[in-house]
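A.B. asks: Sequence and predicted structure are below.
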Amino acid sequence: MKAIALMSGGLDSTLAARVILEQGIELKALNFITVFCTCTNRGETCLASQKAVENLGISLKIFNVSEEYLGVVKHPTHGYGRNLNPCIDCRIFMLKKAKKYMEESGAVFMITGEVLGQRPMSQRRDAMQLIEKEAGLGGLVLRPLSAKVLPITIPEREGWVDREKMLKFQGRSRKPQIELANHYGIHDYPCPAGGCLLTDPGFAKRMKDLMVYVPNFSLNDIHLLKVGRHFRFSDGVKLIVGRNEEENQKIKTYSLEKDFLLKVSGFPGPLSLLRGKLGEGDIEKAAAITSHYSKGKDLKKIEVTCQNIDEDHHRSLFASPLSRGEIERLMINE
């Protein structure tokens, strides 16, 4: 008997897989990554899930669904959570993808590490039933950690797994999971905070700004949301200022042809990216903000170079570092 295990790499999904493996079920792990994941290696591999399957001794299939997932974030049928996390629509999206893979791989049911009542939006009893129904998986999703407090599933009813060996965890306490992990000798696992940027209040604030002013945003826009300090000049103009050399490099990598890059001359400082349909004074304002974050910020005037990406030449201008009050007025994320 073969099943698909949705594997986040966290403790819950690892424990759920371990419980099912003890019943002699062949498991194939499946992980979805998006541009919003925080545990990926250059957006290609989920480090936590990779480590988990190595310890479990099962195979892992990874799907990067970033491009398609943007549609879920832009228009979630069931709304957002506390920040900009479309948890119910996200779960439906992932389960639909998993169902297709399950059928292609010859598996007959699916397991997840979900615990009833652990997450307020997607792990309620009614939400779980809704998600299964809309994903076309009614009765085929087994949640080993909470199975005894949930309706019986097809795998249990058909005797593919022993329901008596399932568990009855529920609520937000992590104590039962930690005790079970100790029983299995599992000691090195990620914290339970989750790995989605959409649940982070600071990121959500930037994301809301992007959705208002650039509703047709792209993956490039999301990559830039993950770095730097962000400033909103007007409806169509935004500045991103790097906070360290690594962020400066990422800003350069994700710059597009119509963007402007600004950097202070003669002093260490950030690389800034100015994007949008510029108005009068926008480049000067961007230069003033860029100089504020440089080592020359105490000078009255600082030379700043400005380069349009699709042009070869640089333009130089002298800027006075912007005041802290004006900085705070324009800043999106802090």
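C.D. replies: In hand now; what should we look at? Numbers count the residues shown, from 1 in each chain.

A.B. asks: Any buried residues in the host helix or strand of Ala48, and which?
C.D. replies: For Ala48, the host element (DSSP states H and E) is helix 47-56. By 16 or more other CB atoms under 10 Å, the buried positions in helix 47-56 come out as 48-53, 56. Using the backbone N, CA and C atoms, a C-beta is placed for each residue, glycine as well.

A.B. asks: Now do the strands in the stretch 51-200 of the chain.
C.D. replies: Remark: strands assigned in the stretch 51-200 of the chain by DSSP state E, counting those that start in this stretch are 59-64, 109-111, 141-142.

A.B. asks: on that earlier part again, got a list of contacts for the helix holding Ala48?
C.D. replies: Residues from elsewhere that reach helix 47-56 (CB atoms under 8 Å, 6 or more residues apart in numbering): 7-10, 13-14, 17-18, 21, 27, 29, 31, 39-41, 59-60, 62, 186, 188-190, 195.

A.B. asks: avg pLDDT for it?
C.D. replies: Mean pLDDT, computed over helix 47-56, is 89.

A.B. asks: what angle do it and strand 59-64 make?
C.D. replies: 170 degrees (axes from the mean of the first three to the mean of the last three CA atoms, to 10 degrees).

A.B. asks: Now do helix 47-56: distance to the chain's middle.
C.D. replies: 19 Å (CA atoms, centre = their mean, to the nearest Å).

A.B. asks: circling back to that earlier point, which single one of the buried residues of helix 47-56 is nearest to Gly71?
C.D. replies: Minimum distance to Gly71 across those is 23.7 Å, recorded for Ser49 (CB to CB).

A.B. asks: Need the outlier residue of this protein, farthest from its centre.
C.D. replies: Centroid-distance maximum for the chain: Lys300 at 41.2 Å, with CA atoms, centre = their mean.

A.B. asks: roughly how far apart are that residue and Met121?
C.D. replies: 52 Å (CB to CB, to the nearest Å).

A.B. asks: Equivalent analysis for Thr153, please.
C.D. replies: 22 Å.

A.B. asks: ditto for Asp259
C.D. replies: Following CB to CB, the distance that separates Asp259 from Met121 is 36 Å.

A.B. asks: Can you check the pLDDT for the residue positioned nearest the centre of the chain?
C.D. replies: Centroid-nearest residue in the chain, with CA atoms, centre = their mean: Phe36, separated by 2.2 Å. Looking at Phe36, its pLDDT stands at 94.

A.B. asks: what does Ala193 give?
C.D. replies: 48.

A.B. asks: Neighbours of Arg119, how many?
C.D. replies: As a burial measure, Arg119 scores 18 neighbours (other CB atoms under 10 Å).

A.B. asks: Identify the residue nearest it in space, chain neighbours excluded?
C.D. replies: Cys87 (6.9 Å; CB to CB, 6 or more residues apart in numbering).

A.B. asks: check contacts around the one you found.
C.D. replies: So Cys87 contacts 81, 119, 121-122 (CB under 8 Å, 6+ apart).

A.B. asks: Next, work out how far apart it and Gly159 are.
C.D. replies: Cys87 is 33 Å from Gly159, by CB to CB.

A.B. asks: Ok, Lys238 next?
C.D. replies: On the measure of CB to CB, Lys238 and Gly159 end up 58 Å apart.

A.B. asks: Over to His183?
C.D. replies: From His183 to Gly159 the distance is 25 Å (CB to CB).

A.B. asks: Can you show me the helices along the stretch 201-334 of the chain?
C.D. replies: 201-213, 219-225, 245-253, 282-292, 324-330 (DSSP state H, counting those that start in this stretch).

A.B. asks: Output these as TSV; include the columns distance to Gly106 and mean neighbour count.
C.D. replies: As requested, the helices of the stretch 201-334 of the chain are exported to TSV (distance: least, CB to CB, whole Å; neighbours: other CB atoms under 10 Å):
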stretch	distance to Gly106	mean neighbour count
helix 201-213	39	16
helix 219-225	33	19
helix 245-253	41	16
helix 282-292	56	23
helix 324-330	56	12
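
A.B. asks: To Leu317, which of the ones you listed lies closest?
C.D. replies: Across these, closest to Leu317 is helix 282-292 (CB to CB), at 5.7 Å.

A.B. asks: Quick one: distance of that closest one to the chain centre.
C.D. replies: Put simply, helix 282-292 sits 31 Å off its chain's centre (CA atoms, centre = their mean).

A.B. asks: hmm, who's touching that helix?
C.D. replies: 231, 233-234, 237, 239, 241, 260, 262-264, 269-270, 272, 274, 276, 297, 302, 304, 306, 317, 319-322, 327, 330.
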